[in-house]
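Colleague: predicted model follows, preceded by the sequence.
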Amino acid sequence: MQQIVKSPRLFHNCSLSFPPSSTPRRVCMSNTAVVVSSVRPYSVLPLTTDPEEKAILHRMMRVDHAGEYGASRIYAGQIAVLGRTQTRPVIQEMWDQEKKHLSKFTEILSENRVRPTALLPLWNIAGFALGATSALLGKEGAMACTVAVEESISEHYNSQIRALMEADPDRYTELLQMIKEFRDDEMEHHDTGLAHDAESVPGYWLLKNVIQAGCKAAIYASERI
């Protein structure tokens, strides 16, 4: 963030202006210099003074952060079991993308002073356990878990995209762009799982339905706690 230069000469004829982005900027005019200072770090979330909108956006970011955290822990569990197999590069690539998603949401939470869900310690353990357990069924089990989880996350992102589009697509342009990008990554992971024999694991449909029921419960809880 740029710092305002505290010089009496530069504060001659000062005014506070608000550009279309709603980011406050102090513009100080003099014959010799112009000083511009942003008072808020860049974020994909628009500035708002509406408590209801703020609460909704914070809830969205909280649950998205929790989802990416859980997904990252699932891949960590799978790597712990299958790390010495030929499947590792496939899992590692998906895990690396999840880490990038998680890093971005962590940044957004910090920028906007959004508290993460209080359930992170639980998702830490549950995610790793799910990943490791599915990997114990072999590559196919791990991929079946991937298909189930990534499909759930993609559907969740799609619901957020619809809500933002219905509310005001112009206001949420950058947020929509980010969520769509992450949604596409999750669908790619889903397709990767199918391409690596996810459906061949015994009890595939039962396993998928159980995992997705757990994902829905986790999403519901993370939005509220």
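Modeller: Looks like it arrived, so ask away.

Colleague: surely Ala218 is in contact with Ala66?
Modeller: Yes: the criterion here is C-beta atoms under 8 Å, and Ala218 meets it with Ala66 at 7.2 Å. Glycine gets a C-beta too; all of them are placed from N, C-alpha and C.

Colleague: quick check: longest helix of this protein.
Modeller: helix 51-82 (DSSP state H).

Colleague: Ala218 and Ala66: which is more packed in?
Modeller: Higher neighbour count among Ala218 and Ala66: Ala66, with 26 against 22, using other C-beta atoms under 10 Å.

Colleague: ok, now how distant is the nearest residue to Lys54 once chain neighbours are set aside from Tyr172?
Modeller: Using C-beta to C-beta, 6 or more residues apart in numbering and skipping the chain neighbours, the partner closest in space to Lys54 is Thr48 (5.3 Å). Separation of Thr48 from Tyr172 (C-beta to C-beta, to the nearest Å): 11 Å.

Colleague: who has more neighbours out of those two?
Modeller: A count of neighbours by other C-beta under 10 Å puts Tyr172 above the other of Thr48 and Tyr172, at 21 against 14.

Colleague: what's the closest non-adjacent residue to the more buried one?
Modeller: Leu164 (4.4 Å).

Colleague: now that neighbour: phi and psi?
Modeller: With angles defined as degrees, to the nearest 10, Leu164 sits at phi -70, psi -40.
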